[in-house]
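Trainee: Sequence isn't available, so here's the structure alone:
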């Protein structure tokens, strides 16, 4: 069913079935504007969004396994080393789910993350581009 | 200008192509005719404007270790800043966690990225090394309510150790319910009603012990940068102060005039809607005056003059082509000067990437100095007063602000509107609407959705700060625990717990505990035990 979308330009409601995105914040930073808007856009596109909030790497891995998620979105408000630890913990737990990231990520940090296959969306990114990446990463 | 754009302000007030004398409503004429420095202060707090009181150059500063913070503050002061705002690490500060708390250890590399790690009175000494406390106006940190008593206690205890009479200190607290519950809510946070109680304790303690200090200062900035529009920002700030005024008045320990004066130092955001932001600052003074006169019968002129600090919108600073942010900062700073302010902080051009580099920080000070010294815009108080458009917009904005104020009162007041999520729902809806306007092109941001570009010819990247903040904090924590009189520290913490449970002044209890070298995490343990934790009231 096509649903009216506030945040997307047109390709709405076309995600088929149960496609789950886990959204988490990497640092203890409660700013919520970015994760709110991105989560809403993903929902408008038909994804099921599981909002984990400010959780540790271990919790992200556990929720990813328990909820059988298809994609992990990280809201980065801190250092790249913390994000790299999350990637390490996911790998150690054999979680082979694609990861993308947004937030205040300087170029030196996004270079490191992209080298590990994490697509980065800095402030000002187009929501359509973020949703398109979510579709691509989940083969939708 | 892109087609399809509506002619309205960011907060949705429709504007005409041109304005004339008939556009100023009759009931606004008296306020417009009153000179700057005359009630209701629409046109300014002081007749002489910036001639008698130049605005304070007041920048947020801090990252990494306490020594890093001291160095940056000294640097900014050497460049002409006329006060300083201490910014502390969010994980250990806002959350009241010591660096060995599991939530911190799990993300230890993040420690120090947004502010300096200050966990004891000794850390405050390090962060204030080489800084004249008696001669410099200070914000001691503690934007988040549960963090505020620790910060004030830390700063004041350093002064006490230096032999300075607390009555000679000038500065401000914050304990801001907007940052705490709307803008950047920590993982764990005491409930709003307990924050209000502690804020009242701070007001009463400060009134006696540190009388030249502004005890708390609501910063509607933090509501606005999370989505509240201009008139909602005005209304919510007034409503937050009403809850404080009512409660302190009910307790009856501080004269009403002193109380109103203490609460009349506030902070707003100035963003990228030039005239609406100018109007907002002018209307804020009038609303404060009218509120105090009508609701509380206050006549003391000192109390009736609202004192305004502004911060230019961090959210207006783009990640793309950050050099353009210097222009944005300048325009927002101009709006602030024209609206009338007592102090100002300009968000740095690298805001969307990191905390400010030294160069970016200096540049923010330079914007203020250029506005003050080179442009001439500060020569005359309220130079735009009487502008047909500006006064009509001010009247519209004020009318809408009182409507939203009434809506907050219908929720049961500001604290109730935080508890039930009313404020957050407003903010969230506006976040979505602003984003949607980016998509339709109704709202343009140059280099982002208008003429977008990924290329930054100036090569500006984030400031990396100090990577060793957590390691060094762990060493200092060990030294603190082994070097202090632990029996005394524990006794003071037990006293604090009794105060929190049985009544008494929490600020006084924290002042004693921090004076006995209790750590920020130990204060936090008491608060968590007694007050429990607030839950963010909306889901998204």
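Mentor: Arrived safely, thanks for sending. What you see is a predicted model, and the numbers here were worked out from it, not measured in a lab. Numbering: from 1, shown residues only, chains lettered A, B, ... in the order given.
Trainee: Show the average pLDDT along stretch B:356-363.
Mentor: If you average the pLDDT over stretch B:356-363, you get 97.
Trainee: Ignore what I typed, I meant stretch B:382-389.
Mentor: For stretch B:382-389, mean pLDDT is 98.
Trainee: Also stretch B:313-321?
Mentor: 96.
Trainee: Quick check: end-to-end length of it?
Mentor: Stretch B:313-321 has an end-to-end distance of 17 Å (C-alpha to C-alpha, to the nearest Å).
Trainee: Return the distance of that stretch from the chain's centre.
Mentor: 19 Å (C-alpha atoms, centre = their mean, to the nearest Å).
Trainee: what about the residue in the stretch 401-540 of chain B that chain A sits nearest to, which helix or strand?
Mentor: Nearest to chain A in the stretch 401-540 of chain B, going by C-beta to the nearest C-beta, is residue B:462, at a distance of 2.8 Å. Heads up, the C-betas are built off the backbone N, CA and C, glycines and all. For residue B:462, there is no host helix or strand (DSSP states H and E).
Trainee: For it, give me its contacts.
Mentor: Under the criterion of C-beta atoms under 8 Å, 6 or more residues apart in numbering or on different chains, the neighbours of residue B:462 are A:104, A:106-109, B:350, B:353-354.
Trainee: Now the two most distant members of the residues you listed.
Mentor: Greatest spatial distance among those (C-beta to C-beta): A:109 and B:350, at 13.6 Å.
Trainee: follow-up on the earlier one: quickly name whichever of the contacts of residue B:462 is closest to residue A:42.
Mentor: The closest of these, once distances to residue A:42 are taken by C-beta to C-beta, is residue A:104, at 19.9 Å.
Trainee: Count residues in the vicinity of the closest one, would you?
Mentor: The local packing of residue A:104 (other C-beta atoms under 10 Å in any protein chain shown) involves 23 other residues.
Trainee: average pLDDT for stretch A:6-16?
Mentor: 72.
Trainee: Name the nearest residue to the residue of the stretch 401-540 of chain B closest to chain A, ignoring sequence neighbours.
Mentor: residue A:106 (2.8 Å; C-beta to C-beta, 6 or more residues apart in numbering or on different chains).
Trainee: same thing with residue B:69?
Mentor: residue B:116 (3.7 Å).
Trainee: and the gap between that neighbour and residue A:124?
Mentor: 28 Å (C-beta to C-beta, to the nearest Å).
Trainee: so where is the chain shaky, pLDDT-wise?
Mentor: In the absence of a named chain, chain A is used. Residue ranges of chain A with pLDDT under 70: A:1-4, A:10-13.
Trainee: my bad, chain B
Mentor: B:1-5.
Trainee: domain assignment for it?
Mentor: B:1-63+B:218-438, B:85-217+B:479-540 (automatic domain parsing).
Trainee: residue contacts, residue B:145?
Mentor: Residue B:145 neighbours (C-beta under 8 Å, 6+ apart): B:175-177, B:180, B:189-190, B:195, B:198-199.
Trainee: Phi and psi next, for it.
Mentor: Dihedral pair for residue B:145: phi -60, psi -50, per degrees, to the nearest 10.
Trainee: excluding its backbone neighbours, what's nearest it?
Mentor: Nearest non-adjacent residue to residue B:145 (C-beta to C-beta, 6+ apart): residue B:195, at 3.8 Å.
Trainee: Find the helix or strand that the one you found is a member of.
Mentor: Applying DSSP H and E, one finds residue B:195 within helix B:192-209.
Trainee: Now do the helices in the stretch 301-450 of chain B.
Mentor: Per DSSP state H, counting those that start in this stretch, the stretch 301-450 of chain B carries helices over the ranges B:301-304, B:325-339, B:358-373, B:388-410, B:414-419, B:422-440.
Trainee: Same check on the stretch 51-200 of chain B?
Mentor: So, for the stretch 51-200 of chain B - with DSSP H, counting those that start in this stretch - the helices run B:66-78, B:102-105, B:121-127, B:148-161, B:177-178, B:192-209.
Trainee: Could you say which of these is packed most deeply?
Mentor: Ranked by average neighbour count under the criterion mean count of other C-beta atoms under 10 Å in any protein chain shown, those are headed by helix B:177-178 at a mean of 30.
Trainee: For the residue in chain A that chain B sits nearest to, which residues are in contact?
Mentor: The nearest approach of chain A to chain B comes at residue A:106, 2.8 Å away (C-beta to the nearest C-beta). For residue A:106, the contacting residues are B:353-354, B:461-462, B:464, by C-beta under 8 Å, 6+ apart.
Trainee: show me what contacts the closest residue to residue B:394 other than its chain neighbours?
Mentor: Of all residues not flanking residue B:394 in the chain, residue B:279 sits nearest, at 4.3 Å (C-beta to C-beta, 6+ apart). By C-beta under 8 Å, 6+ apart, the residues touching residue B:279 are B:230, B:339, B:390, B:393-394, B:397.
Trainee: can you tell me which helix or strand residue B:279 belongs to?
Mentor: Going by DSSP H and E, residue B:279 is part of helix B:274-296.
Trainee: Can you name the residues of chain A sitting close to chain B?
Mentor: Residues of chain A found near chain B (C-beta under 8 Å from any C-beta of the partner chain) are A:6-9, A:26-33, A:35-37, A:39-40, A:51, A:53-54, A:56-58, A:78-79, A:81-82, A:85, A:104, A:106-109, A:122-124, A:126-128.
Trainee: What values do phi and psi take at residue B:219?
Mentor: Backbone torsions for residue B:219, taken as degrees, to the nearest 10, come to phi -120, psi 90.
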